[in-house]
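*Asks:* 3D model of this:
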Amino acid sequence: PISVYMQSDWAGVKALGVNVVSRPFCVNSTHFANAQSNGLYLHYTAGPGCDYENATAIKNRNASAFTSSVNQVKNSNYLFGYGLPDEPVSATGLSAVDTKWAYDVIKAADPSRPVFLTEYANNISAYKNSADIFLNDQYPFNNNLNPMYDIKTKVVNMRSQVAPKPVWLIIQAGSQFGMPTKAQIRAETYLSIALGATGLIFYSYDVEDAGGIYHIKKDGDIPFMKNLITELKNFSPVFLGTKNNNLSYSSSHIDAILKDYNGKSYLIAVNKAATAQSINFSLSGFANATAKISGLA
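*Replies:* Numbers count the residues shown, from 1 in each chain. Alright, predicted model coming up:
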């Protein structure tokens, strides 16, 4: 899945090349219908409203509101999964008991699709049983001198707390968070994959947020994003291949993963530093073969 958080420009999103749209829908049937008619899968926010309305319904144990919401959409071929209220620790104030209750209600209504939980708090280990997929909601370009290193720290931390469940990174790409350069967006995207992500969400495309409108369409480079998304789609079978554990490398500035797909092994490597690096990669399962990449930037 390659997703954007958006709410109106369906044709533009389709042209961008993404295949999933995330979290603007809540109980908006018109948005849901527009996404479906454009062949876009949906990451749907289950419940009677959006984040805070849903949090209140969860605290009140209003099961019928969630069951009704799920029943309205669960027969769609374009429904990808369900989102819990955003950032329960950091924003909506839901306990682990609350979110587990909501998870159980949603899964009872539709056991076949995943439930997502989005958070950026340092410790969410108590929420491990509240979702099937965890979204790491970070703001690395907001007054951060080392955004790529910060991303790794946060993702590794979350993975250690919810393992073996998957963690995805939300690619923050908007002026609200400090607009990354094209090189940083590309590095952040591949860093997600090198850290084991099996899905990506770009925040945002055309989202109206509390602080105004921040979107790729306004702040970013659409041809660049379209090319990047096309590249990701072309290589997605490799990204979703089996991790090969024979890889080791010589620099803390690099994150890399070796993926096995269709009888071949593919190296995905990302430089987190602002300067070019010279790196040795060793492959213990390949007769101790060693490769060197110079000037990785």
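*Asks:* What number of residues are in the vicinity of the closest residue to Ser90 other than its chain neighbours?
*Replies:* Distances taken as C-beta to C-beta, 6 or more residues apart in numbering place Ala121 nearest to Ser90, at 5.1 Å, with adjacent residues excluded. For the C-beta atoms, the positions are set from N, CA and C on the backbone; glycine is no exception. When neighbours are defined as other C-beta atoms under 10 Å, Ala121 has 16 of them.
*Asks:* Please report how far Leu94 lies from Lys74.
*Replies:* Applying C-beta to C-beta, to the nearest Å, the value for Leu94 to Lys74 is 23 Å.
*Asks:* If you could redo that for Tyr52, that was the one I meant.
*Replies:* Tyr52 sits 24 Å away from Lys74, going by C-beta to C-beta.
*Asks:* next one: Asp260
*Replies:* Per C-beta to C-beta, Asp260 is found 35 Å from Lys74.
*Asks:* Looking at the two, which is more packed in?
*Replies:* Set Asp260 next to Lys74 and count neighbours by other C-beta under 10 Å: Lys74 wins out with 17 against 14.
*Asks:* Excluding residues flanking it in the chain, which one is nearest that one?
*Replies:* Nearest residue to Lys74, sequence neighbours excluded (C-beta to C-beta, 6+ apart): Asp110, at 4.4 Å.
*Asks:* Looking at that neighbour now. What's its pLDDT?
*Replies:* pLDDT, Asp110: 98.
*Asks:* Same check on the one 3 residues further on?
*Replies:* The predicted structure scores Arg113 at 97 on the pLDDT scale.
*Asks:* for Asp209, same thing?
*Replies:* Looking at Asp209, its pLDDT reads 58.
*Asks:* Below-threshold pLDDT in the stretch 151-297 of the chain: ranges please.
*Replies:* By pLDDT under 70, the weakly predicted segments of the stretch 151-297 of the chain are 173-178, 208-214, 297.
*Asks:* can you give me the strands in it?
*Replies:* For the stretch 151-297 of the chain, applying DSSP state E, counting those that start in this stretch gives strands covering 167-172, 200-203, 207-209, 212-214, 242-244, 247-249, 254-261, 264-271, 277-283, 289-296.
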